[in-house]
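In: model this:
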Amino acid sequence: MSIIRLRDCPAMPWKNGMGRTRELAVHPVGAGMDEFTWRASVAEVDSTAPFSAFPGIDRHIALLEGAGFIMALDDGRTHALTSPFMPFTFPGEAQVSVTLRGGPTRDFNLMLRRTRVHGELVVWDEPGRQVVDDAVALIYCAQGHVDTADGRLQTGDAWLPGLSSTGRIALDPGTLTLVARVESRGN
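Out: Prediction:
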């Protein structure tokens, strides 16, 4: 099925066991942590804990709910993930610790295996029709409603356009989506 309901995705432990995530989609389907080309999930962060390490993976993260957290990366950078729906990119091999800013949060994650693909996490928030091209791997409805070729998305739902579903979607007023764009490196 091309529409994924977050409520139907079971919570599973992070790779390091220190948090929980709900996998929305993985490519290829059924791939494990060492084999995926790309992966999209929603994580629950409810304590100060380090992120799992993913060597060779480009990670894109965006706050969905809560006050967010401060990320401290091992290269000396810090990033305040405190503004909802503002993607931040970092290397998966980085050691990252987080300090919560005021309680549990939920965030959207896109992971891309850099030897195979490149891409980005972008925000669509203009009401009306949006063009879905071949690079769009997944659309996550962060708030509002989206009409797709396969049905209507509610907040927390995702859609996998597939190869034959390029074209257009419609965003209701007040809708915000996170769009995972993924392209092959052509190796």
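In: going forward, measure contacts between C-alpha atoms and count neighbours the same way
Out: Noted.
In: Just checking, which helix or strand succeeds the lowest-mean-pLDDT helix or strand in the chain along the chain?
Out: Within the chain, no helix or strand scores below strand 11-13, which has a mean of 86 by mean pLDDT, DSSP states H and E. Later in the chain than strand 11-13, the nearest helix or strand by DSSP states H and E is strand 20-27.
In: how near is residue 34 to residue 105?
Out: For residue 34, the distance to residue 105 equals 26 Å [C-alpha to C-alpha, to the nearest Å].
In: between the two, which one's more packed in?
Out: The neighbour count for residue 34 versus residue 105, taken as other C-alpha atoms under 10 Å, is higher for residue 105 (20 against 9).
In: Make sure that one is actually in contact with residue 47.
Out: No - contact criterion C-alpha atoms under 8 Å: residue 105 and residue 47 do not qualify, at 9.3 Å.
In: residues contacting the spatially most central residue of the chain?
Out: In the chain, the centroid-proximal residue (C-alpha atoms, centre = their mean) is residue 109; its distance is 3.1 Å. Shown in contact with residue 109 (C-alpha atoms under 8 Å, 6 or more residues apart in numbering): 39, 40, 41, 42, 43, 59, 60, 61, 62.
In: again, only this time at 6 Å
Out: Counting by C-alpha atoms under 6 Å, 6 or more residues apart in numbering, residue 109 makes contact with 40, 41, 60, 61.
In: same for the one helix or strand the last one maps to, what does it pack against?
Out: Okay, so that is residue 61. Taking DSSP H and E as the criterion, residue 61 maps to strand 57-65. Applying 3 or more C-alpha pairs under 6 Å, 6 or more residues apart in numbering; DSSP states H and E, we find strand 57-65 packed against strand 88-91, strand 105-113.
In: For the protein, give me the ranges with low pLDDT.
Out: 1, 18, 163-166, 187 (pLDDT under 70).
In: change it to 50
Out: Counting by pLDDT under 50, the chain contains no low-confidence range.
In: where does residue 8 fall, phi/psi-wise?
Out: Its backbone dihedrals place residue 8 at phi -90, psi 0, with angles given as degrees, to the nearest 10.
In: I'd like the distance between it and residue 24.
Out: Using C-alpha to C-alpha, we find residue 8 at a distance of 9 Å from residue 24.
In: Which one's more surrounded, those two?
Out: Between residue 8 and residue 24, counting by other C-alpha under 10 Å, residue 24 is the more crowded of the two (25 against 10).
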